[in-house]
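1. build me a model:
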Amino acid sequence: MDYIILDIEFNGRKFASELPMEVIEIGAVRLNSSLAYVDEFSSMIKPVYFAKLNSFLKKKTGIEQEEIDAADGFVQVSERFREWLGPNENFLLLTWGGEDMKRIVFDTRMHKLDDSYWMTTDYFDLLKGYLRYKGVSNDVSVEAALADLEIDASGSAHRALDDARMTAEVFRKVFGHLDLSLKQRFKDTYSNAKERRLVKNAIRMLKGQKLTPSWELLAEKVLAGKVDMTNEKKLAELREYFEAELNKKA
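-> Numbering: from 1, shown residues only. As a prediction, this is how the structure comes out:
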């Protein structure tokens with residue numbers, strides 16, 4: 001079993017738009033079962049939208065416009081990346097948070113490609129694993145984890161391959177403290193963090209008012225007017241979250 005440490009950069013923006021953000025760089029490091037370095041993958045990707053990089057992104061990443069202009073599109077790069085990865089039963093993907101998997105799946109769908117490879121790929125959220133190991137709840141950056149573990153950082157932050165290399169060093173350092181059985185697969189979500197937090201706080205509020213929390217009561221007293229009650233997938237997901245939180249506090 002190989003371990004693939006993945007990092008991506010995407011063309012984020014500082015203004016609202018209905019157009020999607022896209023992956024513009026993929027970097028990955030392959031470790032073998034002994035955690036030895038085996039290989040690396042790195043590629044820029046020319047996006048369909050916002051192909052002209054804004055000054056904020058160029059300053060943050062150091063990516064030059066010429067690099068983007070000369071890059072292949074997502075279809076070609078993702079095909080090469082999958083070939084480099086090989087069969088997904090032969091490796092475990094590791095990411096720092098869940099955003100990287102989300103972006104790859106979304107771009108795959110945007111280009112009308114088959115997403116079954118990614119939907120059946122196991123990945124482990126190293127950020128969550130690190131937080132469990134440290135017994136803390138607030139998110140930390142890879143750079144902060146490196147400093148905390150007294151690992152010398154090298155390379156440029158916010159460049160995909162360098163970030164993947166640094167994340168790999170964190171993984172190697174804390175490997176013995178991780179429960180890799182907590183791997184997961186990408187799952188579509190229809191609610192956002194604010195809505196889930198609303199449900200969580202509502203349970204606490206209803207209990208504080210000596211009321212027995214129920215989904216019907218929560219929907220009527222809390223969610224109505226704040227959540228789209230016509231979105232059946234969103235409501236089903238929030239109800240599942242409500243029941244999980246209720247059982248957790250029981």
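2. gap between stretch 18-33 and the chain center?
-> Averaged C-alpha coordinates place stretch 18-33 at 10 Å from its chain's average position (Cα atoms, centre = their mean, to the nearest Å).
3. ends of that stretch, what's the gap?
-> The straight-line separation of the ends of stretch 18-33 (Cα to Cα, to the nearest Å) is 43 Å.
4. neighbouring strands for the strand or helix carrying D7, and are they parallel or not?
-> Taking DSSP states H and E as the criterion, D7 maps to strand 2-10. Under the criterion DSSP bridges, strand 2-10 sits next to strand 23-31 (antiparallel), strand 91-95 (parallel) in its sheet.
5. now do it: everything it contacts.
-> Applying Cβ atoms under 8 Å, 6 or more residues apart in numbering, the external contacts of strand 2-10 come out as 21-33, 35, 38, 61, 63, 85, 90-96, 100, 103-104, 123, 126, 158-161, 163-165, 167-168, 171. In this view, the C-beta of every residue, glycine as well, is placed from N, C-alpha and C.
6. turn the strands paired with strand 2-10 into a markdown table, columns for distance to E143, mean neighbour count and mean pLDDT.
-> Output for those, formatted as a markdown table (distance: least, Cβ to Cβ, whole Å; neighbours: other Cβ atoms under 10 Å; pLDDT from 0 to 100):
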| stretch | distance to E143 | mean neighbour count | mean pLDDT |
| --- | --- | --- | --- |
| strand 23-31 | 16 | 24 | 97 |
| strand 91-95 | 16 | 22 | 98 |
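7. just send those strands back as JSON lines, with distance to R239 too.
-> Shown next, in JSON lines, are the strands paired with strand 2-10 (distance: least, Cβ to Cβ, whole Å):
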{"stretch": "strand 23-31", "distance to R239": "33"}
{"stretch": "strand 91-95", "distance to R239": "28"}
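8. and the pLDDT for E245?
-> Here the pLDDT value assigned to E245 is 88.
9. how about A250?
-> For A250, pLDDT reads 50.
10. same thing with A157?
-> 69.
11. one more: L53?
-> Note for L53: predicted pLDDT of 84.
12. next, the contact list for it, please.
-> Under the criterion of Cβ under 8 Å, 6+ apart, the contact list for L53 reads 11, 63, 65, 68.
13. buried subset of the residues you listed, written for ChimeraX?
-> This is how ChimeraX selects the buried members of the contacts of L53, with burial counted by 16 or more other Cβ atoms under 10 Å:
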select :11,63,68
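14. which helices and strands does the helix or strand of the chain with the lowest mean pLDDT pack with?
-> Within the chain, judged by mean pLDDT, DSSP states H and E, the helix or strand with the poorest mean is helix 55-61; its value is a mean of 80. Counting contacts by 3 or more Cβ pairs under 8 Å, 6 or more residues apart in numbering; DSSP states H and E, helix 55-61 packs against no other helix or strand.
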